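K.L.:
Here is a sequence together with a model predicted from it:
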Amino acid sequence: MLYALCLLHGGVTNMETILIVDDEKNYLLVLSAFLSEEGYETLTADNAHHALEIVESTDLDLVLTDMKMPAMGGIELLRRIKEKRPELPVVMMTAYGTVEKAVEAMQLGAFNFIQKPFQNETLKQIVNKAVGTYRVLKENLRLVQAIEERYRFDNVIGKSKRMHAIFDIVQKVAHTKATVLITGESGTGKELIASAIHFNSPRRNKPFVAVSCAALTETLLESELFGHEKGAFTGAIAMKKGRFELADEGTLFLDEIGEVPGSMQIKLLRVLEQMSFERVGGTRNIAVDVRLITATNKDLKVEVERNRFREDLYFRLNVVHIELPPLRERSEDIPLLAAHFADKYGREANKDEITISPEAMRFLYDHRWPGNVREFEHAIERAVLLSKGNEITMDDLPKELMNFADLETPIDWQRLSNLPETLDAIEKRMIQKALALSNNVQSRAARLLGIPRNNLHYRLKKHNLL
């Protein structure tokens with residue numbers, strides 16, 4: 001009866017997950033029912049080999065395993081679990097307990113040892129202590145990671161008025177729960193701003209989880225965000241927690257939110273309104289406390305007007321809007337960025353006090369940087385590594401940058417004899433500039449030019465630009 005009640009329980013839950021391993025199915029049934037009633041999510045395996053598959057593929061908080069099982073016993077299972085996930089607590093159960101076996105299990109890293117038959121209250125105390133200890137361990141690991149991640153904010157630097165205005169917004173919004181929409185071209189540092197908001201917030205010691213929405217199909221994105229139950233679809237061999245669940249009490253950063261399909265937009269809106277969801281293939285409602293930050297290089301207002309993005313979701317995401325300027329619009333930050341990256345990669349290469357020649361600095365100023373700060377950083381990193389001494393010169397800068405140097409030079413009109421030739425010259429120059437601004441991604445260049453991609457391909461052939 002207790003087991004049936006657990007299955008019928010439909011309230012909102014936020015559980016830690018325990019794997020129970022025993023070759024006696026009655027024990028699996030009874031323990032699963034008891035621990036479920038105590039508020040834990042339970043998975044079961046009737047042999048050690050199956051248990052190892054679950055350990056490898058599932059987010060677990062505790063393994064509760066029998067000592068004596070056919071094929072592979074509990075001691076060997078413990079040894080293999082510690083090889084794969086040394087931090088995961090394991091509690092051993094046995095009806096054949098001896099002092100020697102208990103000592104062996106503890107030496108191999110078992111959290112505790114309990115002998116059958118045992119009282120429910122005894123099991124409850126041991127399980128609560130093991131899960132609680134693991135919870136503290138994970139929080140400490142997150143704290144260490146958070147401290148390390150804070151150094152990444154060195155990349156979010158600038159003295160321009162626009163960047164100072166952005167820093168002011170970050171400081172004001174960090175201590176709130178408001179959703180933030182960050183817009184800007186690729187490479188402007190949207191994820192770094194999202195990180196800055198998180199690590200300057202009360203959630204700084206909780207997870208910061210980032211997802212690129214454009215990198216996943218609709219089905220995979222749903223599973224990635226909300227998780228899935230075992231057997232939910234082909235290939236779902238085990239339960240998997242989604243990014244919303246993993247970001248509980250922390251921050252979830254959804255990059256390229258403009259690429260989310262319409263059906264997923266509806267589900268995302270519902271989760272934001274209720275802060276609860278069901279895993280794919282599941283029926284249990286899981287509650288979370290997540291601060292959401294999103295980013296896109298698209299104009300979502302235009303996407304709404306063209307019925308490609310839901311207006312209600314746009315308003316829900318756009319509580320606070322931060323627009324990052326491209327590097328070409330804040331050139332006064334270039335010396336500061338150059339000095340920072342030169343120092344950063346100089347230290348990594350054991351080169352002290354890296355300087356930049358006036359000629360190279362002039363080029364850094366004049367270049368359009370279609371890839372923005374990301375491209376700028378990679379260029380300085382490469383120059384530091386290739387420089388012969390402690391000064392970066394023009395010879396050290398990536399040669400491919402020079403291919404864009406003539407894009408701003410005027411067309412030599414005197415060499416053009418007729419209208420078709422003049423129009424071809426203008427067209428070629430516009431295509432070159434669009435490719436430069438889009439980092440040579442033809443689909444983006446075509447959008448900038450307002451022409452179909454196949455049309456751009458034809459014109460690239462026409463002007464020998466392929």
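P.N.:
The structure has been received and is ready for your questions.

K.L.:
count of residues packed around residue 244?
P.N.:
Using other C-beta atoms under 10 Å, residue 244 has 24 neighbouring residues. Using the backbone N, CA and C atoms, a C-beta is placed for each residue, glycine as well.

K.L.:
same thing with the one 10 residues further on?
P.N.:
For residue 254, the number of neighbouring residues by other C-beta under 10 Å comes to 23.

K.L.:
same question, residue 92
P.N.:
Residue 92: 26 surrounding residues under other C-beta under 10 Å.

K.L.:
Residue ranges in this protein under the pLDDT threshold?
P.N.:
Scanning the chain with the threshold set as pLDDT under 70 gives 1-14, 96-99, 143-155, 402-417, 437-439.

K.L.:
Name every strand pairing with the host helix or strand of residue 253 and say which way it goes.
P.N.:
Using DSSP states H and E, residue 253 sits within strand 251-255. Here strand 251-255 has these sheet partners by DSSP bridges: strand 208-212 (parallel), strand 291-296 (parallel).

K.L.:
quick check: domain ranges of the protein?
P.N.:
The chain breaks down into these domains under automatic domain parsing: 2-143, 156-323, 329-406, 410-462.

K.L.:
Please report the separation between the first and final residues of the second one.
P.N.:
The one in question is domain 156-323. Distance across domain 156-323, first residue to last, is 14 Å (C-alpha to C-alpha, to the nearest Å).

K.L.:
Next, residue 390: phi, psi?
P.N.:
Dihedral pair for residue 390: phi -100, psi 10, per degrees, to the nearest 10.

K.L.:
and what of residue 90?
P.N.:
phi -130, psi 130.

K.L.:
And the one 4 residues further on, by the same measure?
P.N.:
Per-residue torsions, residue 94: phi -160, psi 150 (degrees, to the nearest 10).

K.L.:
residues near it, how many?
P.N.:
Around residue 94 there are 20 other residues, counting by other C-beta under 10 Å.

K.L.:
Report the contact partners of the residue nearest to residue 374 when sequence neighbours are not counted.
P.N.:
Nearest residue to residue 374 in three dimensions, chain neighbours excluded: residue 187, at 3.5 Å (C-beta to C-beta, 6 or more residues apart in numbering). Neighbouring residues of residue 187 by C-beta atoms under 8 Å, 6 or more residues apart in numbering: 327, 371, 372, 373, 374, 375, 439.

K.L.:
please redo it, this time with the cut-off set to 6 Å
P.N.:
With contacts defined as C-beta atoms under 6 Å, 6 or more residues apart in numbering, residue 187 is in contact with 371, 372, 373, 374, 375.

K.L.:
got it, and residue 69?
P.N.:
If you count contacts by C-beta under 6 Å, 6+ apart, residue 69 has them with 23, 48.

K.L.:
Helix, strand, or coil at it?
P.N.:
Using DSSP: H, G, I helix; E, B strand; the rest coil, the structure places residue 69 in coil.

K.L.:
State the distance from it to residue 86.
P.N.:
22 Å (C-beta to C-beta, to the nearest Å).

K.L.:
again with residue 65
P.N.:
From residue 65 to residue 86 the distance is 16 Å (C-beta to C-beta).

K.L.:
between the two, who's got more neighbours?
P.N.:
For residue 65 versus residue 86, neighbours defined as other C-beta under 10 Å are more numerous around residue 65 (25 against 8).

K.L.:
what's the helix or strand harbouring residue 224 packed up against?
P.N.:
Per DSSP H and E: residue 224 is located in helix 218-226. Where contact means 3 or more C-beta pairs under 6 Å, 6 or more residues apart in numbering; DSSP states H and E, helix 218-226 is packed against helix 243-246.

K.L.:
counting contacts, what elements does the helix it packs on pack onto?
P.N.:
Applying 3+ C-beta pairs under 6 Å, 6+ apart, one finds that helix 243-246 contacts strand 208-212, helix 218-226.

K.L.:
Around residue 50, how many other residues sit close by?
P.N.:
13.

K.L.:
helix, strand or coil for it?
P.N.:
The three-state label given to residue 50 by three-state DSSP is helix.

K.L.:
quick one: residue 200 and residue 170, what's the gap?
P.N.:
Distance from residue 200 to residue 170, counting by C-beta to C-beta: 7 Å.

K.L.:
okay, those two: which has more neighbours?
P.N.:
Neighbour count, other C-beta under 10 Å: between residue 200 and residue 170, residue 170 has more, with 20 against 16.

K.L.:
list the contacts for the more buried one?
P.N.:
Going by C-beta under 6 Å, 6+ apart, residue 170 touches 196, 197.

K.L.:
right, so of the helices and strands packed on helix 243-246, which gets closest to residue 241?
P.N.:
helix 218-226 (9.2 Å; C-beta to C-beta).

K.L.:
Look up which residues are beta-bridged to residue 276.
P.N.:
Beta-bridge partners for residue 276, by DSSP bridges, are residue 287.

K.L.:
Okay then, goodbye and thanks.
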